[in-house]
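>>> Show me the folded form of this:
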Amino acid sequence: MHLFMHFRSRRVSKGESPTNSIAARIRQPSAWVDLCQSWCQRLRRVAVLAIAIALLGTTAPALAGSLGDRVSRFPEWQSKPRLQLAKGDLVYPNWMEGTWEVTSTLLEQYAPLAPEIVTPGFEKNKRFLKKPVTFKVKFSPEESANRSNALPSIQNNQQVDESDDVTIVADREFNGLNLAKAYLGDRKVVSVKVDPDDPNRQITELSGNRTLVSVVTARGSEMPSDEEFMATEITQQVFRGDSSIYLNEVETTTDYRKLQPPVTAIEADQMTAIYLSPQDPDFFAAGGQPVALYHYKLELFPLEDNAKK
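As a prediction, this is how the structure comes out:
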């Protein structure tokens, strides 16, 4: 969900050949990611703003291990999780439907390869430590035309047939715009648009003729119980300025938990990991390990009466 905060910059001149670059792949129509997400990206996811936006499909299980295990091992992450390719949109449980006010608090951050490798934004992000940031997000029924792209979710380690149920997805433009403005300020955010043909590709236009293209490339999710939902997404980001291009890759893993009545709220832990792109001069030195890690606490409170909850 907090994708805007986490750029590991590798400058690529506009004259450089993009044949084997991430930028070249992202230019393809099938590419895209949710900011903020990601949430986030937490919000990707919630690109959240990606950050932002970071803030955020198919629902596919992780290929190796469980997301619960990965969450419990944080911050001892040695590499990216093995996930399926992202296709369609990320499907959320029905109890997340509605409009929510989110309070996001950065609890801790790590630079596991410091001092040899430290991302440019790591020190700047310390200003967000223990400081709540509030914004609105929305989860709504998916248009029926897009449901054929969604895979069934995994609940209690069993495949759930959702063909007769309403499919709930994030309102990525609404979430991404709110998340971006919360972290960057209203004047710095021009617009957030989602590719109408691919919910995994999001474009955020910023002031000063700057553009952030976020593409969700891989995804996994699990539902350990009726009241808990876990999701993870890998997002490739390209930030384009007047004379340069910056590349980044972000993992956003979130553990959502529905609180018990009479409380109508959702709490979540969101972990964000930053990985170097192959174009970065420190890519091989990093050995596939994350170069920055962030842990957020999310609290979601309803802004409207959701009768289906």
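
>>> From here on, just use CA atoms for contacts and neighbour counts.
Will do.

>>> Now do the contacts for K131.
T105, L106 (Cα atoms under 8 Å, 6 or more residues apart in numbering).

>>> quick one, strands of the stretch 51-200 of the chain?
53, 84-85, 98-110, 133-141, 154-155, 158-159, 168-170, 189-194 (DSSP state E, counting those that start in this stretch).

>>> Buried deepest among these, which one?
Of all the strands of the stretch 51-200 of the chain, strand 53 has the most neighbours on average by mean count of other Cα atoms under 10 Å, namely a mean of 43.

>>> what sits opposite the closest residue to Y296 other than its chain neighbours in the beta ladder?
Once flanking residues are discounted, Y296 sits nearest to L106: 4.4 Å by Cα to Cα, 6 or more residues apart in numbering. Residues in a beta bridge with L106, per DSSP bridges, are L129, Y296.

>>> so L106 makes contact with K130?
Yes - with contact defined as Cα atoms under 8 Å, L106 counts as touching K130 (5.6 Å).

>>> so how far is R127 from the residue nearest to Y296?
Distance of L106 to R127, computed by Cα to Cα, to the nearest Å: 10 Å.

>>> cool, R73 as well?
Distance from R73 to R127, by Cα to Cα: 26 Å.

>>> go on, G88?
36 Å.

>>> can you check S244 too?
Note on S244: its distance to R127, by Cα to Cα, is 26 Å.

>>> got it, and V91?
Distance from V91 to R127, by Cα to Cα: 33 Å.

>>> out of these two, which sits in the busier spot?
Higher neighbour count among V91 and R127: V91, with 25 against 10, using other Cα atoms under 10 Å.

>>> For the residue lying closest to the more buried one once chain neighbours are set aside, list the residues it contacts.
In this structure, V91 finds its nearest non-sequential neighbour in V169, 5.2 Å apart by Cα to Cα, 6+ apart. Contact analysis of V169 by Cα under 8 Å, 6+ apart lists D89, L90, V91, Y92, F139, S140, P141, E142.

>>> Recalculate using a threshold of 10 Å.
Residues in contact with V169 (Cα atoms under 10 Å, 6 or more residues apart in numbering) are 56-58, 89-94, 96-97, 138-143, 199.

>>> buried subset of those?
The neighbour-count test (16 or more other Cα atoms under 10 Å) marks 56-58, 89-94, 96-97, 138-142, 199 as buried among these.

>>> quick revisit: intersection of neighbour lists for L106 and K130?
Y296, K297.

>>> any idea how far V250 lies from R257?
Separation of V250 from R257 (Cα to Cα): 23 Å.

>>> which one of these two has more residues nearby?
The residue with more neighbours, out of V250 and R257, is V250; 36 against 19, by other Cα under 10 Å.

>>> pLDDT weak spots in this structure?
Within the chain, the stretches with pLDDT under 70 are 1-65, 144-165, 305-309.

>>> How are the helices of it distributed by residue range?
In the chain, the helices defined using DSSP state H lie at 22-26, 67-73, 122-125, 172-184, 283-286.

>>> Output the contacting helices and strands for the longest one.
Applying 3 or more Cα pairs under 10 Å, 6 or more residues apart in numbering; DSSP states H and E, one finds that helix 172-184 contacts strand 48-49, strand 53, strand 133-141, strand 189-194, strand 201-206.

>>> Buried residues, that helix. List them.
Buried residues in helix 172-184 (16+ other Cα under 10 Å): 172-184.
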